[in-house]
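K.L.:
here is a sequence with its predicted model. Questions after.
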Amino acid sequence: MAIKKFPGFIDVHVHLRDPGATHKEDFQTGSRAAVKGGFTFVIDMPNNPTPTISPEALQEKIRLAEQKSIVDIGFHYGTDGQNTETFKTVIDNEKVFGLKIYCNYTTGTLLVEDQLLWNNIFREWESKKPILVHAEKEKLPYMIALSKKYNRHLHVCHISLTEEVSMVRRAKEIGIYISAGVTPHHLFLTEKDVNRLGSLAMMKPPLGTQADQEALWKGLRDGTIDLIETDHAPHTKEEKEKTPAPFGVPGLETAVGLMFKAVHEGKISEREVIKFFHDNPARIFNVPTHENTFIMLDPDQSYIMGEDGYETKCHWSPFDGWKLYGQIQMVVIKGKTILEKRKLI
Ligand code: DOR
Ligand code: ZN
C-alpha cells in the first residue's frame, strides 16, 4: 500500500445550481465537493432556473464562480433552439467548453424536440468545441446524423443503454466525430436498486438493466466510451422525498472511490482510471492542464463512503455506506495545496 500521485481529475458534467437553486448547491459547496472527490476542474451545465442561454446569464455565472469557487470552473452554454444568434458572442469565450442540447425532459425548462431547431443549432454552432447531447434511445440517431452533416464534434452524455453503446460504436467505426461519457451511477446501480433506494435512485436517464450495465463496462474497456462524467445533480433530501421527486443524484464525492473499487475488483486498470478522469476529458474538451495540479491517494486503501460526511450542500449519496477505494488524501492546484490529510484548507 502506498499513496501515489495522479493528475488532477476533470469532471465535464456537473450541475452546481448557482445561480437560482443555491439551496441545493452553490459554487462554493459544489467546488468543495469537487476537491474532496479529487476533481480539480469541472464543467457546469446550463439548466439553471434562468438557463445559461444568453451572454448575460453566462457572464453572471462566470462572475459568481470567480467569487465563490475553490477550483476552476468551465461552462457549457445552453440552447432552447431560439438563441442561435447569440452563439457567435460566446463561442470563443475561453470559459465555454461546449454547447448542451436537452433532447429529453429533465430538471429545468431546457428542452428541444423539434428537428428543424436541432438542425439550426448544429449549423450555427460553428466551433470545434463539442455539442453535448442528452439524447436517450431514439433521439440519438438524429444527433449522430447531424454531427455527420455539419461535421461537428458530438459528445453523448451519460450513455446508459446497450443500444446506445452500439450506436456510438458504429458511429466511431465509420469515422464520425463522436465521444461518449458514462456516469458512475449507471456503472454501479441498476433498476433493481430503485426498490431499495426509492427516489434517491431516480435520475435521467434512468438506471438500466444488468445487461445494460454490462454493455457499459464493455464499452468502457473497448474504447467506445471515452470518459466518466458524474452528472453531479444535487437535490435536497426533502425534495427527493416528495412526489414527484426531482431527477438526479450527487456524484462528485463518490466517483473516484467507485472507480478505484472497480480497479480493486479487476474490472479496469489504474491507467484506465487516469484515462477516463483526466487524459480523455482534457483532450476532448480542450481543458487547460497544469504540471503542478495533482492529487494524492492510495488505490489499495479502502474507506466507508460518507463516514466523514459530505461537502455537497445536499449531504446525501446513493452510495452512502459503500466500501470504496482510493480516498483523496491531498489536492494541489497550480502549486497551491487545497486539501491536506483529507481536510480542505
Ligand atoms: O437526473 C438528472 N438530473 N439528469 C439530468 O439530465 C439533469 C439533472 C439535474 O439537473 O437535476
Ligand atoms: Zn446532467
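P.N.:
Arrived safely, thanks for sending. Note that the coordinates shown come from a computational prediction; the quantities given were computed from them, not determined experimentally. Ligands and ions are numbered 1, 2, ... in the order given.

K.L.:
now the helices for this protein?
P.N.:
Listed in chain order, the helices of the chain (DSSP state H) span 27-36, 55-68, 87-90, 115-124, 140-150, 162-173, 184-188, 193-197, 210-221, 237-241, 255-264, 270-274, 280-285.

K.L.:
buried deepest among those helices, which one?
P.N.:
Most buried of the helices of the chain by mean neighbour count (mean count of other CB atoms under 10 Å) is helix 27-36; its value is a mean of 26. Quick note: C-beta positions are derived from backbone N, CA and C, even for glycine.

K.L.:
do that helix and ligand 1 meet at all?
P.N.:
No: on the criterion CB under 6 Å from any ligand atom, helix 27-36 is out of touch with ligand 1, staying 12.2 Å away.

K.L.:
quick one: that helix to helix 55-68, angle?
P.N.:
60 degrees (axes from the mean of the first three to the mean of the last three CA atoms, to 10 degrees).

K.L.:
please work out the angle formed by the directions of helix 27-36 and helix 255-264.
P.N.:
Using the same axes, to 10 degrees, helix 27-36 lies at 20 degrees relative to helix 255-264.

K.L.:
for helix 27-36, packing partners?
P.N.:
Applying 3 or more CB pairs under 8 Å, 6 or more residues apart in numbering; DSSP states H and E, one finds that helix 27-36 contacts strand 9-14, strand 39-44, helix 55-68, strand 328-333, strand 336-340, strand 343-344.

K.L.:
now render the ones you listed as JSON lines, adding mean pLDDT and distance to Asn292.
P.N.:
Rendered in JSON lines, the data for the helices and strands packed on helix 27-36 read as follows (pLDDT from 0 to 100; distance: least, CB to CB, whole Å):
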{"stretch": "strand 9-14", "mean pLDDT": "98", "distance to Asn292": "15"}
{"stretch": "strand 39-44", "mean pLDDT": "98", "distance to Asn292": "11"}
{"stretch": "helix 55-68", "mean pLDDT": "98", "distance to Asn292": "21"}
{"stretch": "strand 328-333", "mean pLDDT": "98", "distance to Asn292": "6"}
{"stretch": "strand 336-340", "mean pLDDT": "98", "distance to Asn292": "8"}
{"stretch": "strand 343-344", "mean pLDDT": "96", "distance to Asn292": "19"}
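
K.L.:
of all the ones you listed, which one is nearest ligand 1?
P.N.:
If you check each of the helices and strands packed on helix 27-36 against ligand 1 by CB to the nearest ligand atom, strand 9-14 wins as the nearest, at 9.0 Å.

K.L.:
in this structure Thr230 contacts Val14, no?
P.N.:
Yes: using CB atoms under 8 Å, Thr230 makes contact with Val14 at a distance of 6.3 Å.
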